[in-house]
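Trainee: curious how this folds, go ahead:
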Amino acid sequence: ICKSECDGRTVSIDLDLDTRIRPVNADLFETDYTDKIAPRVIDERIHFLMNDMLKDVVQRGTAKKAKTLKRSDLAGKTGTTNDQIDAWFNGYQKGIVASVWVGFDQPRTLGRSEFGGRAALPIWIEFMKHALKDVQEDVSQLPTGVVAARIDPETGAKAHASQNNTMREYFLLENPPRERLPETVIPAVDGKSLRTPQQLF
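Mentor: Next up, the predicted model:
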């Protein structure tokens, strides 16, 4: 477990990996990194966009079971290796990062239904329930140079003002969503119009 407080920055810190195996009731192993220099490694706008995408994994993706924690500041990614040999969930909140791995000492399949969101995520949720018990929910601030837009989830293009099935996404100011193109109508030989191939299927 790596604890960090980066004020919304993405920084690089050399960590010490503790590989010792302890019983459940053993003392927690912690290392203080507050005196280490942590240089910024990516643009804060890119950090915001990546963080927002990983939040979507929790809000409407493979880790949506974590919504039971009733927080909007959680993000992460599920993972499963070939043949379900390993199941992972790597997730975080602004002040704490936790990774869960489920597998056998001698690699073999966990079972056909054991994916990261099924095998590893529940353990992460149980840990975070206690780790974040008295932690205030964080609200991300929109950095300068990032804009929000409503998009069509099927095309990724900017949604019409009257469209209902839209999603809010964030974009770099210099790379907004493309304008939606007008519907293409293909004239038929008999004078009747045909729908586009996308609409046919």
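
Trainee: dump the C-alpha coordinates for stretch 103-111 into PDB.
Mentor: C-alpha atoms of stretch 103-111 as PDB (Å, rounded to 0.1, in the frame of the first residue of the first chain):
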ATOM      1  CA  GLY A 103      -3.900 -16.100  -7.400                       C
ATOM      2  CA  PHE A 104      -2.100 -19.300  -6.400                       C
ATOM      3  CA  ASP A 105       1.500 -19.600  -5.300                       C
ATOM      4  CA  GLN A 106       2.000 -22.100  -8.100                       C
ATOM      5  CA  PRO A 107       0.200 -20.500 -11.100                       C
ATOM      6  CA  ARG A 108      -3.000 -22.200 -12.200                       C
ATOM      7  CA  THR A 109      -6.400 -21.000 -13.200                       C
ATOM      8  CA  LEU A 110      -8.700 -19.500 -10.500                       C
ATOM      9  CA  GLY A 111     -11.800 -20.600 -12.500                       C
END
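
Trainee: buried ones in it?
Mentor: Neighbour-count burial for stretch 103-111 flags 103, 110 (criterion: 16 or more other C-beta atoms under 10 Å). All C-beta atoms are positioned from the backbone trio N, CA, C, and that covers glycine.

Trainee: contacts for that stretch?
Mentor: 83-87, 102, 119 (C-beta atoms under 8 Å, 6 or more residues apart in numbering).

Trainee: which ones are touching the residue most central in space within the chain?
Mentor: In the chain, the centroid-proximal residue (C-alpha atoms, centre = their mean) is Leu54; its distance is 1.3 Å. Contacts for Leu54 were tallied using C-beta under 8 Å, 6+ apart; they are 75-77.

Trainee: is the closest residue to Ala75 other than its chain neighbours in a helix, a strand, or coil?
Mentor: Setting aside the residues directly before and after it, Ala75 is nearest to Leu54 in space (C-beta to C-beta, 6 or more residues apart in numbering), at 3.7 Å. Secondary structure, DSSP: H, G, I helix; E, B strand; the rest coil: Leu54 is helix.

Trainee: separation between Leu54 and Arg178?
Mentor: Per C-beta to C-beta, to the nearest Å, Leu54 is found 24 Å from Arg178.

Trainee: would you list the phi and psi of Pro122?
Mentor: For Pro122, the backbone dihedrals are phi -60, psi -30 (criterion: degrees, to the nearest 10).
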